[in-house]
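Peer 1: Test case, fold it:
(2 chains)
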Amino acid sequence: DAGVTQSPTHLIKTRGQQVTLRCSPISGHKSVSWYQQVLGQGPQFIFQYYEKEERGRGNFPDRFSARQFPNYSSELNVNALLLGDSALYLCASSLGGGNNQPQHFGDGTRLSIL
Amino acid sequence: RKEVEQDPGPFNVPEGATVAFNCTYSNSASQSFFWYRQDCRKEPKLLMSVYSSGNEDGRFTAQLNRASQYISLLIRDSKLSDSATYLCVVNGWSTGGFKTIFGAGTRLFVKA
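Peer 2: As a prediction, the model looks like this:
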């Protein structure tokens, strides 16, 4: 069975541009979360979506937005990119909306801003 | 104060040693807890869930103390392959909705 898949694996953008990252959850999983991880730190929570509705939001500016589609896949959009947005962006899926559901991560998208 | 705090280490231990990691959290309304391991330049992988009653999976034992708001991970008989960063994770509701908060991670090096 396929795990969580993310695309693209690597991306290079310049300041001011916009980027869209994509995530397909494990089959049967209805919840998707997005994280930003910079070197030496743990993943920082950006969003969680469950059944196409935003369930939680971390402390990120409005330049970050996301959505979940009827097939439970998700996109993360970042506008007006800054140098500080360079990071590994991780997507994780979980079975349902229950608080005790463990999350399973994709390999991530490594975003570099020049 | 950070929402989830871990000792960053690194912990350098010989093979066969027992090592323990602790993690504290600030949101008393937190509802579920996990340990993940992350290898260099890889994604985090679920190690185990953490329950108040304590749970064990082979050489790994996890414990939750809700009164003191900390979770722990004990690794017995350390193997070289245990070398990784260990992340504690706390889920719960707060302003902004449901959040999953990761600690910064504790690095473990197991030496031959």
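Peer 1: show me the contacts for residue A:50.
Peer 2: For residue A:50, the contacting residues are A:30, A:31, A:68, A:96, A:97, by Cβ atoms under 8 Å, 6 or more residues apart in numbering or on different chains. Using the backbone N, CA and C atoms, a C-beta is placed for each residue, glycine as well.
Peer 1: again, only this time at 10 Å
Peer 2: A:30-33, A:56, A:68, A:72, A:94, A:96-98, A:101, B:98 (Cβ atoms under 10 Å, 6 or more residues apart in numbering or on different chains).
Peer 1: Then residue A:70?
Peer 2: Residues in contact with residue A:70 (Cβ under 10 Å, 6+ apart) are A:51, A:52.
Peer 1: Likewise for the one 3 residues further on?
Peer 2: Contact analysis of residue A:73 by Cβ under 10 Å, 6+ apart lists A:5, A:22, A:23, A:24, A:25, A:32, A:67, A:91, A:93.
Peer 1: Try it again at 8 Å.
Peer 2: A:22, A:23, A:24, A:25, A:32.
Peer 1: you'd agree the fourth one is up against residue A:32?
Peer 2: Pointing back at residue A:25 there. Yes - the criterion here is Cβ atoms under 8 Å, and residue A:25 meets it with residue A:32 at 5.3 Å.
Peer 1: of those two, who's got more company?
Peer 2: Set side by side, residue A:25 and residue A:32 show more neighbours around residue A:32, with 31 against 28, by other Cβ atoms under 10 Å in any protein chain shown.
Peer 1: Point out the ones among the contacts of residue A:73 that are inside strands.
Peer 2: Counting by DSSP state E, the part of the contacts of residue A:73 found in strands is A:22, A:23, A:24, A:32.
Peer 1: between these, which has the most around it?
Peer 2: residue A:32 leads the ones in strands among the contacts of residue A:73 on contacts (other Cβ under 10 Å) with 31 neighbours.
Peer 1: what bridges to the residue nearest to it when sequence neighbours are not counted?
Peer 2: Leaving out its chain neighbours, the residue that sits closest to residue A:32 by Cβ to Cβ, 6 or more residues apart in numbering or on different chains is residue A:74, at 4.2 Å. Beta-bridge partners for residue A:74, by DSSP bridges, are residue A:23, residue A:68.
Peer 1: roughly how far apart are residue A:74 and residue A:106?
Peer 2: 11 Å (Cβ to Cβ, to the nearest Å).
Peer 1: so what sits against both of those two?
Peer 2: Contacts common to residue A:74 and residue A:106, judged by Cβ under 8 Å, 6+ apart, are A:23, A:91.
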